[in-house]
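Participant: turn this into a structure:
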Amino acid sequence: MTQPEEDSDLAARYAHVAVLVPCLDEAVTVAKVVADFQRALPGATVYVFDNDSTDGTGERAKEAGAVVIHSPRRGKGNVVRHMFRVVDAEIYVMVDGDDTYPAAAAPDLLAKFEHTGADMVVGVRTSAKLQVIAEQIRALQEQARRVLEEARSDHELHNARCGFRRMPGKTYHLYRKPGGELEFSLLSPADWRQRPPNAFVGSYRLEPDMSWTRL
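Facilitator: Sure, this is the predicted structure:
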C-alpha cells in the first residue's frame, strides 16, 4: 500500500470523530493542540470552542485549521453543554487547549473504545513528578534484580568444589563436570592447551569482600 493510500485509509477511519477543545485564553498553546490532533487523527474534525477568550485564542485556532465556535457563556460546564448541543459526531474526543493531553495517545484510546464496546474511555494524565517516581521505581527494581542475580551467582561460586584455599585478589578458573558439578582450578584453558578435561565456565577474581568478579 502506498503512502497516499495509507493516509486516505486513516482519514476515512477517523472521519466520524470530533475532537472538542474548550478554550479560555489558550492562545499560546491552542495551535499546537490543533496540529497535534490533526496529525494523530487525520480525517477527524477539530472543534475549538472559544469560551470568550481575550488573548486571540480563536484566531490562533482558526489559523491552525480548527473549526472555531464562539461560546460566550463562561464556565467549563456551560461550554461542554454547548459543544454537545451543536456538534454531531459518532465519537467525541474531548481535550483541553493547554497542551497537557498527549495527542499521540488518542488512536490507542479510540481503539480501546471501539473494541470494548464501552460508552466512554477516560485517559489519565500522569504528572511529571509521578513519571519521575515511576522511573525511579523501575531503576530500583532493575538494581534489585541485578543484586539478586549477583548474590545467586556468588552463592553458586562459593559452593563450587575447590581443592585449594581461595585467596582474595587471585583469579581462578571454573569448570563444569559432566554431572553438572562446578569446580575451581588454578589452570586456565590455555594451560590445558585449550583442551581442558571439563567444560570451561569462566574465569573469576575473588574480591576482598569475598564477592566474585567475572573476567
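
Participant: can you give me phi and psi for Arg146?
Facilitator: Main-chain torsions, Arg146, degrees, to the nearest 10: phi -60, psi -40.

Participant: and the one 3 residues further on, by the same measure?
Facilitator: Listed backbone geometry of Glu149 is phi -60, psi -40, with angles given as degrees, to the nearest 10.

Participant: now it: how far from Glu156?
Facilitator: Using Cβ to Cβ, to the nearest Å, one gets 11 Å for the distance from Glu149 to Glu156. Yep, even glycine has a C-beta here, placed from its N, CA and C like the rest.

Participant: just Val48 next, same as before
Facilitator: For Val48, the distance to Glu156 - Cβ to Cβ - is 64 Å.

Participant: more neighbours, the two?
Facilitator: In this view Val48 and Glu156 are compared by other Cβ atoms under 10 Å, and Val48 has more residues nearby, 30 against 12.

Participant: who's that one bridged to?
Facilitator: Assessed by DSSP bridges, Val48 has beta-bridge partners Val21, Val68.

Participant: ok, now which ones touch it?
Facilitator: With contact set as Cβ atoms under 8 Å, 6 or more residues apart in numbering, Val48 has these partners: 21, 23, 30, 34, 57-58, 61-62, 66-69, 97.

Participant: which one of those residues sits closest to Leu110?
Facilitator: Val21 (16.3 Å; Cβ to Cβ).

Participant: that closest one contacts Val68, correct?
Facilitator: No - taking contacts as Cβ atoms under 8 Å, Val21 lies outside contact range of Val68: 9.6 Å.

Participant: and for the two, which residues touch both?
Facilitator: Counting by Cβ under 8 Å, 6+ apart, the residues touching both Val21 and Val68 are 47-48, 61.

Participant: can you give me the buried ones in stretch 104-115?
Facilitator: Neighbour-count burial for stretch 104-115 flags 106, 110 (criterion: 16 or more other Cβ atoms under 10 Å).

Participant: what residues does it touch?
Facilitator: Against stretch 104-115 from outside (Cβ under 8 Å, 6+ apart): 14, 17, 19, 36-37, 40-41, 91, 93, 118, 120-121, 123.

Participant: right, and Ala66 touches Ala18 too?
Facilitator: No - judged on Cβ under 8 Å, Ala66 makes no contact with Ala18 at a distance of 11.2 Å.

Participant: neighbour count for those two, which is higher?
Facilitator: Ala66 (27 against 21).

Participant: the more buried one and Asp50, how far apart?
Facilitator: Going from Ala66 to Asp50 by Cβ to Cβ gives 10 Å.

Participant: next, give phi and psi for Leu41.
Facilitator: Backbone torsions for Leu41, taken as degrees, to the nearest 10, come to phi -130, psi 70.

Participant: the closest residue to it other than its chain neighbours: how many residues sit nearby?
Facilitator: Take Leu41 and drop its neighbours on the chain: the residue closest to it by Cβ to Cβ, 6 or more residues apart in numbering is Tyr14, 4.5 Å away. Residues within reach of Tyr14, counting by other Cβ under 10 Å, total 22.

Participant: show the pLDDT at Tyr14.
Facilitator: What the model reports for Tyr14 is a pLDDT of 90.

Participant: quick revisit: which neighbours do Ala66 and Ala18 have in common?
Facilitator: Joint contacts of Ala66 and Ala18 (Cβ under 8 Å, 6+ apart) are Tyr47.
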